[in-house]
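> build me a structure from this.
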Amino acid sequence: MLIGTFTPKLDDKGRLILPAKFRDELAPGLVMTRGHEKCLFVFPMTEFVELHKSLRAAPLTSKQARDFNRVLLSGAHDEIPDKQGRVTVPAILREWAALGRDLAVVGTGNKLEIWDAAAWDAYLTGASAAFEDAAGEVVPDF
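This is a model prediction of the structure:
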């Protein structure tokens, strides 16, 4: 399970050193793509394969499904981390998520999210109230 928050930095070549906690799960390969709220999603390859199966089941007649697939898959980049656990964040994704040098890498269970550190702090501040309000609806008896 991918959980926790880490604060690595992008190097001058646009590379990220993955937190050590996640390296074993991501070592066989990963897929990085556009996420929600202007973050990047990082899926272990096995998780992305399962997600892709679900996407393929969506009806081609649904414009919403076509739009979602286009945005998600057109930004997808597969990669195998190097021996130091580094991956390159493609320029197109760095620009889309407005990533600076300081990052927040957030484990969300089956995937990681990569945020610009300031954007993550702002998001977390705003989401804290919603977290309290939604607890009972999202997880009964929480």
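> gap between residue 90 and residue 63?
The gap separating residue 90 from residue 63 is 27 Å, by C-beta to C-beta, to the nearest Å. For every residue, glycine as well, the C-beta is placed using N, CA and C.
> which of the two has more residues huddled nearby?
The neighbour count for residue 90 versus residue 63, taken as other C-beta atoms under 10 Å, is higher for residue 90 (17 against 8).
> residue 105: neighbouring residues, count only.
Neighbours around residue 105, by other C-beta under 10 Å: 25.
> tell me how far the nearest residue to it once chain neighbours are set aside lies from residue 119.
Sequence neighbours aside, residue 6 is the residue nearest to residue 105 in space, at 4.6 Å (criterion: C-beta to C-beta, 6 or more residues apart in numbering). Here residue 6 is placed at a distance of 15 Å from residue 119 (C-beta to C-beta).
> what are the contacting residues of the helix or strand containing residue 113?
Here residue 113 sits within strand 112-116, counting by DSSP states H and E. With C-beta atoms under 8 Å, 6 or more residues apart in numbering as the test, strand 112-116 has contacts from 2, 16, 22, 32, 35, 39-42, 89, 97-100, 102-106, 123.
> quick one: average confidence on it?
Average pLDDT, strand 112-116: 98.
> who does it pair up with?
Using DSSP bridges, the strands paired with strand 112-116 are strand 40-44 (antiparallel), strand 103-109 (antiparallel).
> which other helices and strands does the helix or strand containing residue 128 contact?
Assigned by DSSP H and E, residue 128 belongs to helix 117-138. Under the contact criterion of 3 or more C-beta pairs under 8 Å, 6 or more residues apart in numbering; DSSP states H and E, helix 117-138 touches strand 103-109.
> in the strand it packs on, which residues are buried?
Using 16 or more other C-beta atoms under 10 Å as the test for burial, strand 103-109 gives 103, 104, 105, 106, 107.
> JSON lines for those, including distance to residue 70 and pLDDT?
Below are these laid out as JSON lines (distance: C-beta to C-beta, whole Å; pLDDT from 0 to 100):
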{"residue": "103", "distance to residue 70": "26", "pLDDT": "98"}
{"residue": "104", "distance to residue 70": "27", "pLDDT": "98"}
{"residue": "105", "distance to residue 70": "26", "pLDDT": "98"}
{"residue": "106", "distance to residue 70": "25", "pLDDT": "98"}
{"residue": "107", "distance to residue 70": "27", "pLDDT": "97"}
